[in-house]
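Chemist: give me a model of this one.
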Amino acid sequence: MTKRALILVDIQNDYFADGLWPVAKMQEVAGNAARLLIHARATGDLILHVRHEMASDQAPFFRPGTPGAEINPTVAPAEGEAVITKARPNSFHGTGLLDRLRAAGVEAVTICGAMSQMCIDATARAAADFGFAVTVAEDACGAKETSFGGVALTAEQVHAAFMAPLAMSYAKVMQTKDLLAD
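Modeler: Sure thing, here's the model as predicted:
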């Protein structure tokens, strides 16, 4: 049987409606992530919570020591579940994530959280590059609207624009209900 891990990325208070950097549908995203978390706990999968903290108290969000930088209660870590703090979009960069996965003999990871266009994309690609079988729970991932070159993109467009290439060559991209049915 393949040893699996659930990696919950940046499901932090600042991404919710009353936070400093709201992400579209974050409450729904967190609800789906919570369903994955309950399942992972029941099946004994390794669970790793990743949280981002900006290096400065002048940062636009995820400021050190603030409630906004804390993991949202919807997916609060249970006793014994690792919490990894990162400073870059790639959850592997400068953290012990890879060592923890390898030490546990993990071969496959399921990734969820925020933001689709930053930390989910960077973490999923890195996981694939390190040789893990990667699944992204797309409805347990949230994107933020943005613009570039005078083109405004909705959160839904941004999310789709990042899930499509991940699905092409880096990950199995699935909905939570289908993941839980496996």
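
Chemist: what does whichever helix in the chain runs longest contact?
Modeler: The longest helix of the chain (DSSP state H) is helix 26-43. Around helix 26-43, the neighbours that count as contacts under CB atoms under 8 Å, 6 or more residues apart in numbering are 4, 6, 8, 11, 15-17, 23, 45-47, 72, 74-75, 78, 110, 112-114, 137, 139-142, 176, 179-180. In this view, the C-beta of every residue, glycine as well, is placed from N, C-alpha and C.

Chemist: for it, buried residues please.
Modeler: Buried residues in helix 26-43, counting neighbours by 16 or more other CB atoms under 10 Å, are found at Met26, Val29, Ala30, Asn32, Ala33, Ala34, Arg35, Leu36, Leu37, His39, Ala40.

Chemist: before we move on, what about stretch 144-162?
Modeler: In stretch 144-162, counting by 16+ other CB under 10 Å, buried: Lys144, Leu153, Ala155, Val158, His159, Phe162.

Chemist: mind listing the strands for this protein?
Modeler: 4-9, 46-52, 82-86, 108-114, 133-142, 146-148, 151-153, 172-174 (DSSP state E).

Chemist: only the buried residues of the last one, if you could.
Modeler: Neighbour-count burial for strand 172-174, counted by 16+ other CB under 10 Å, picks out Val173, Met174.

Chemist: the longest one now?
Modeler: When neighbours are counted by 16+ other CB under 10 Å, the buried residues of strand 133-142 are found to be Val134, Thr135, Val136, Ala137, Glu138, Asp139, Ala140, Cys141, Gly142.

Chemist: low-confidence ranges, this structure, go.
Modeler: Within the chain, the stretches with pLDDT under 70 are 1-2.

Chemist: burial of Asp18, as a residue count?
Modeler: Asp18: 8 surrounding residues under other CB atoms under 10 Å.

Chemist: could you shift the numbering so residue one becomes 48, and keep it that way?
Modeler: In the new numbering, first residue 48, that becomes Asp65.
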